[in-house]
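> Compute the structure for the input listed below.
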Amino acid sequence: MAKKEIESQFKIQAKGGQATPAPPIGPALGAHGVNPGQFIQQFNDRTRELNGKVVGCVITVFKDRSFEFEIKAPPAAVLLKDAAGIEKGSGVPNKDKVATLTVDQLRTIIEEKGKELTGHTPEAQIRTLAGTARSMGIEIEGLAELAS
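Below is the predicted model:
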């Protein structure tokens, strides 16, 4: 079978199992020629177990108006907020700390996020997540021991 010709490829973020054709998802899909109702139904079926957790999605649209999509892991910031049990990060992260996580909690996030993180080693991935956490006002315990 010949490969289909790709017309466009774009990314969206939506709540797993709870996507609706309302803005911003519906208009973004319509602008690329994707039937929002058809996409929403398939997306919600495939992300039902993530109920309410924000996930990324890469949508590939072909010339014949058919589409494929790949579900990505939730963004690192969402996973960090869930692990810390906070609603949002600090507005002034260098002064106001909102939570503290351990290196073991970061390892758990790495298992969920998988290969989507940069870094070739688990230690490098932990440092990447620690940087994201720092920018959100989340302190990491045990990070100094990791470096030595």
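> Which residue is the nearest non-sequential neighbour of Glu139?
Thr100 (4.6 Å; CB to CB, 6 or more residues apart in numbering). The C-beta positions use only the backbone N, C-alpha and C, and glycine is treated the same way.
> Checking that neighbour next. Helix, strand or coil?
strand (DSSP: H, G, I helix; E, B strand; the rest coil).
> wait, it sits on Met136?
No. With contact defined as CB atoms under 8 Å, Thr100 does not count as touching Met136 (11.9 Å).
> So for the two, which residue has more residues nearby?
Using other CB atoms under 10 Å as the criterion, Thr100 and Met136 rank with Met136 on top: 20 against 12.
> CA atoms of stretch 112-121 as CSV?
The C-alpha coordinates for stretch 112-121 follow below in CSV (Å, rounded to 0.1, in the frame of the first residue of the first chain):
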residue,chain,number,x,y,z
GLU,A,112,5.4,7.5,33.4
LYS,A,113,6.9,10.1,31.0
GLY,A,114,9.2,7.6,29.4
LYS,A,115,11.3,8.4,26.4
GLU,A,116,9.7,11.8,25.8
LEU,A,117,12.2,13.4,28.2
THR,A,118,15.5,14.7,27.1
GLY,A,119,18.6,13.1,28.7
HIS,A,120,20.3,9.8,27.9
THR,A,121,20.5,8.6,31.5
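> Off-centre distance for that stretch?
12 Å (CA atoms, centre = their mean, to the nearest Å).
> cool, and stretch 42-58?
That offset, for stretch 42-58, works out to 11 Å (CA atoms, centre = their mean).
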